[in-house]
Every structure is written in C-alpha cells, then in structure tokens.
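*Asks:* here is my input, please return the structure:
(2 chains)
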There are 2 protein chains.
Amino acid sequence: MSNTIALYPLSNFTFSTKEAQPEEDPSVSARLQRLQNNYEDFGMRRTVEGILVVHDHGHPHILMLQIANAFFKLPGDYLKPGEDEIDGLKRRLDERLAPPADSRQFDQATHGVDNEWEIGDCLAQWWRPNFETFMYPFIPAHITKPKECKKLFLVQMPERKVLAVPKNMKLLAIPLFELYDNAARYGPQLSAIPHLLSRYNFIYQ
Amino acid sequence: MSNTIALYPLSNFTFSTKEAQPEEDPSVSARLQRLQNNYEDFGMRRTVEGILVVHDHGHPHILMLQIANAFFKLPGDYLKPGEDEIDGLKRRLDERLAPPADSRQFDQATHGVDNEWEIGDCLAQWWRPNFETFMYPFIPAHITKPKECKKLFLVQMPERKVLAVPKNMKLLAIPLFELYDNAARYGPQLSAIPHLLSRYNFIYQ
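*Replies:* Sure, this is the predicted structure:
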C-alpha cells in the first residue's frame, strides 16, 4: 500500500451541468421503508461512495454534492444485488458526475480526457444496524444482521477531468479544516473524512 | 494491503506488572517547554504510538494505558533524532509493555512466546502546529514548520503475549463503541480510532 497520493489543483477540473436527478424517495421515512422492502427481497443493502480529493493552494479539498442548498453527500449510491463494488462505484460515479455520453466522446476525441475512474483504498465502512437513520463505523453488539453496509473509497483524481453536475445539485470543494470536528454541520460520516485521510502524504502537483 | 486482520481474545494475553514509569514532565507547561527546547536542538518531534487490538466475545477492543485513574493514552512515545519509526515504535512498546529482560528470556525458553512486535499500517498522522496542546489530523493552513508529528500504527497482536504494565498505570481494553463519538472523555485522537479501524474486516479467532 502506498501512502503517497498525487493531488491536482481544483482549477484543473472542468465543471458543467446536466439534467436534474431527483431523490428516489420523497422523505426519510419513505427511504427507510424502501430499504426495508429491498432488504426483504435482496438482503443487506451495499452502498459505495467516493472520496474525491483535489487541492487548492496546497490544501486538500473533498468534492461533495450539496442538494437543495441544504445537506451534503458524497457521490455514490447503493449497488445492484450481486454487483461488484468497484464496478458499481464506477457506474454510480458516472451516473452522478460523468458528462452525457455524446459529450464524453467529444471530450475524449478532442482533449484526450480519460473518463475512467481510478478507485483507491477502502477508507471506511459504516453499518446500519436497524431500519433507522443511525449508522456506526463498526457492527454494534447484538447485531447479527445489519441492514446496510456503506463503504467509502478513495478516488484518485487524474490530472484533468470534466465533470457534469445534475442541475438540482452543486458540487463543492470543502477543505479538510472545514469538515474536521464539524459533525454539527456535516454529520458523523463526512466530518470523519480528515481522520480517514490523515495517514496519506499528499504531493501537490 | 490486506484489509483482513485476525484478532485474538483478550483472555489469551497475560498481564503482569513492573516498576513505575513516572511522567518525564511534571506539568503540561513543562512538557511544552521541553518540546520547544528539543525543537531548537533537533527540529520537529516525531512520535509513534501503537493501536493494539484484541477482541472480547467478538467485539474489537483497544489496549490503552490509564495513568493515575485519569487520562488515557496509547503505548508509544517520541523517537530519538534519526531513529527509524518502526524500530523506534518497537523500542517504545518494549519499554512500556515488555516484561523485564530476565523474565522475557524465561518466557521464551519455557513458553516459546515471541516478544517481537508486528507493526502494521500507519492509521493516522496528527500534527502539532505550535508549542500548544492542540493537534490536527492535517497540517493547518499557513503552518510551514509543524512542531510535532505523531503517527499511529496498527499493531497486530500475536495469538498469545505476555505484557508487563508499569505499576503507576493500568492497561485497559476499551471497546470501540465506548470510544466512538466520545471525545469528551477520550479526546479527539482516541475517540477517532473506530473510524481508523472501520475499513478492516476482523476475523475473531
């Protein structure tokens, strides 16, 4: 395992927009109900999300989606039953952030932009013990059948990349010091990202 | 990098005591003053600590030292100038937790106990920007000369081991759920350990 990661400047990345991607569920309770229905059909939900790191003037920033000027989330989502987690994360990152297929071919032809995602280490696993909102970075005692496991992967951003953001979302670059010790604003999962990245030595290109 | 780690039960480990090891500094201000004096002579302090993981009934526990029935810390300490960090961590773990040399030879001869430490991945780095108590899991902005870098390493505990604890300390096995979200009691570094370990899949032997 290499602990050294090259980071490229935020200004190397091109951001465009694409069609809105509404939430699949209209409310938290509807989301938990669908989780329960899917659990009965397919077993534990497997979710994968990407931690996309760039730098701005030598400080690491995480690319995060903001929805409706309110909550933040990482790109990624749940997998299909049986789907490989790395393939599934690439599919989910493409769905969320890749330019539409026609413009993608254009980019590759004209700029030589590589749209393949490079998935790095698994950085964290979060477990949902019940059909409730709480998740933990371990399987709590007496829980033999967790309802969801979410894995966060480091995504190594290439030197340049074109990203297309759904119109109902914003893609923001959040510095580590803003996330650190800030569960009040970002929640327990996102505010722990500085801890997960601290073992890496970043090279600022 | 393997994400799978074998954990052995707490009951496999034998705990004895040895002579007290008083703190090197009589107060926090004396400690920070010595840090500053050493910085002027040798540059940034490099500290290494071990995260020793065992299990109790299938739940991971971290071995931590408690001093004077009050604060908790991981075994480990600062390195000598120029000392290799892995060698130095082994030396510090021996100082703190190995039985005195005469009984160690006895253990090896009679029980075949291997007293070599197996150091795993670096799990976190904490930086001290100033001669003050605060540390961060990243180098804060505008800090070009951090005063201390502390690295936390996973220490893979063997199937059995004899540990000797200085008389002025206790060695406690703290479960992850006790540390999690509990910076009030354990401070920011120890309460983050569940995050750092969450990417591993533990096999409970």
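*Asks:* which non-adjacent residue is nearest residue A:136?
*Replies:* Leaving aside its chain neighbours, residue A:136 sits nearest to residue A:127 (5.5 Å; criterion: CB to CB, 6 or more residues apart in numbering or on different chains). For glycine as for every other residue, the C-beta is placed from the backbone atoms N, C-alpha and C.
*Asks:* can you count the residues close to that neighbour?
*Replies:* Using other CB atoms under 10 Å in any protein chain shown, residue A:127 has 19 other residues around it.
*Asks:* and residue A:84, by the same measure?
*Replies:* 11.
*Asks:* residues in contact with it?
*Replies:* Not one residue lies near residue A:84 by CB atoms under 8 Å, 6 or more residues apart in numbering or on different chains.
*Asks:* what sits opposite residue A:47 in the beta ladder?
*Replies:* Under the criterion DSSP bridges, residue A:47 forms beta bridges with residue A:78, residue A:150.
*Asks:* does it touch residue A:75 like I think?
*Replies:* No: Residue A:47 lies out of contact with residue A:75 (CB atoms under 8 Å); the separation is 11.8 Å.
*Asks:* doesn't residue A:96 fall inside a helix?
*Replies:* Yes: counting by DSSP: H, G, I helix; E, B strand; the rest coil, residue A:96 falls inside a helix.
*Asks:* so what's it closest to, chain neighbours aside?
*Replies:* residue A:75 (4.5 Å).
*Asks:* chain B contacts on chain A?
*Replies:* Within chain A, the positions near chain B by CB under 8 Å from any CB of the partner chain are A:1, A:3, A:59-60, A:121-126, A:136-138, A:140-141, A:151, A:176-177, A:180-181, A:188, A:192, A:194-199.
*Asks:* and if we set it to 6 Å?
*Replies:* A:1, A:122-125, A:137-138, A:176, A:192, A:194-195, A:198-199 (CB under 6 Å from any CB of the partner chain).
*Asks:* between these, which has the most around it?
*Replies:* residue A:195 (28 neighbours).
*Asks:* toward the C-terminus, what is the element adjacent to the helix or strand of chain A with the lowest mean pLDDT?
*Replies:* For chain A, using mean pLDDT, DSSP states H and E, the weakest element among its helices and strands is helix A:101-111, scoring a mean of 61. Proceeding N to C from helix A:101-111, the next assigned helix or strand is strand A:119-128, under DSSP states H and E.
*Asks:* can you list the weak-confidence ranges in chain A?
*Replies:* Applying pLDDT under 70 to chain A flags residues A:1, A:102-115.
*Asks:* helix or strand: which one has the residue lying farthest from the centre of it?
*Replies:* In chain A, residue A:142 marks the outermost C-alpha relative to the chain mean, sitting 29.2 Å out by CA atoms, centre = their mean. Using DSSP H and E, residue A:142 falls within no helix or strand.
*Asks:* picking that back up, now do the residue nearest to residue A:136 against residue B:136, distance only.
*Replies:* Distance, residue A:127 to residue B:136, using CB to CB, to the nearest Å: 27 Å.
*Asks:* in chain A, spot the helix with the most residues.
*Replies:* In chain A, with assignment by DSSP state H, the single longest helix is helix A:28-42.
*Asks:* and that helix, what does it pack onto?
*Replies:* Packing contacts for helix A:28-42, counted by 3 or more CB pairs under 6 Å, 6 or more residues apart in numbering or on different chains; DSSP states H and E, involve no helix or strand.
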